[in-house]
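# below are the sequence and a predicted model; questions follow.
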Amino acid sequence: MQILLLVTFIALVNYIISYNLWVYTDTFYNALILMFIILFIELLFSSILIALVIEYVKEEELFIKTSFRKCVAKVAPRFLDYLVIGFVGSIALFTVLLSPLYFLGLVSNVISGYSSFDAIYEGAKRFHRDFGKYFIRIVPDVILALLIMILFAYASLYSSNSFSPKILFSTGTFLSWLLFSKTAIKTSREYLYHGLKICVYCSKEIPIASKECRWCKAKLK
């Protein structure tokens, strides 16, 4: 129930961001450009909220007694990591084909404890190793989320009321972020059930909780 409330909160936050940033444009091309700029900003700053969802899923799946406050305390100190992952991951998401890197990077950071660039690197290794699995499980959701935003951006061009374009596009954003959150939850559970992370130095699989690679003896952070 708390995860559902958190997912709804994330969608609502991005609804508000979209409502305040959306302006009327007279062409579909300009609407698309504005849509991607707004989505980039949302991905950048909402990454910490998605990380909060992943942290909650992790503690729930591992049967750790948790609370919203404890999850915030664990996630907040790594805010800069999420900005980096949000920046790189948003670019990957816009390519659609590489969109799993955004979710895998966040999951790697929260669950395996890798720092920003190591998390992205581990996510890339995992995506390369299991390309078909992550492509099928993540890319369709991303395509659907982007299509929803594009559809509502297009609809906003033909709204007569001055407030309707903002409401229309923001509604599309709300629905898209429900999908993004669902994808993050699905990816984090898959990561946990696998039980292993990839060493960013030697590419061997080791237990998620490992602080040192048993193969190359590298310290992991």
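Good, I have the coordinates.

# where does residue 200 land in three-state SS?
At residue 200, secondary structure determined by DSSP: H, G, I helix; E, B strand; the rest coil is coil.

# just the strands in the chain please.
196-198, 205-207 (DSSP state E).

# just these: most buried one?
strand 196-198 (a mean of 20; mean count of other Cβ atoms under 10 Å). Placement of C-beta: from N, CA and C, glycine included.

# take the strands of the chain and write them to TSV, including mean pLDDT.
Output for the strands of the chain, formatted as TSV (pLDDT from 0 to 100):
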stretch	mean pLDDT
strand 196-198	93
strand 205-207	92
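
# residue 134: which of the ones you listed is closest?
Proximity to residue 134 (Cβ to Cβ) singles out strand 196-198 among these, at 13.2 Å.

# now for the closest one, which elements pack on it?
Contacts defined by 3 or more Cβ pairs under 8 Å, 6 or more residues apart in numbering; DSSP states H and E place strand 196-198 against helix 116-129, strand 205-207.

# so which residues make contact with the last one?
Outside strand 205-207, the residues within contact range by Cβ atoms under 8 Å, 6 or more residues apart in numbering are 195-199, 213-215.

# check the longest one too.
Contacts of helix 116-129 from elsewhere in the structure, counted by Cβ under 8 Å, 6+ apart, are 80-82, 84-85, 88-89, 98, 100-101, 103-109, 112, 114, 134, 197-198, 200, 203, 220-221.

# got CSV for the strands of the chain, with distance to residue 144 too?
Below are the strands of the chain laid out as CSV (distance: least, Cβ to Cβ, whole Å):
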stretch, distance to residue 144
strand 196-198, 28
strand 205-207, 31
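
# of all those, which one comes closest to residue 161?
Closest to residue 161 of the strands of the chain, according to Cβ to Cβ: strand 196-198, at 50.8 Å.

# picking that back up, between the contacts of strand 205-207, which is closest to residue 166?
Closest approach to residue 166 among these (Cβ to Cβ): residue 197, at 42.4 Å.

# for the residue nearest to that closest one when sequence neighbours are not counted, give me its contacts.
Using Cβ to Cβ, 6 or more residues apart in numbering and skipping the chain neighbours, the partner closest in space to residue 197 is residue 112 (4.2 Å). Contact analysis of residue 112 by Cβ under 8 Å, 6+ apart lists 119, 122, 197, 208.
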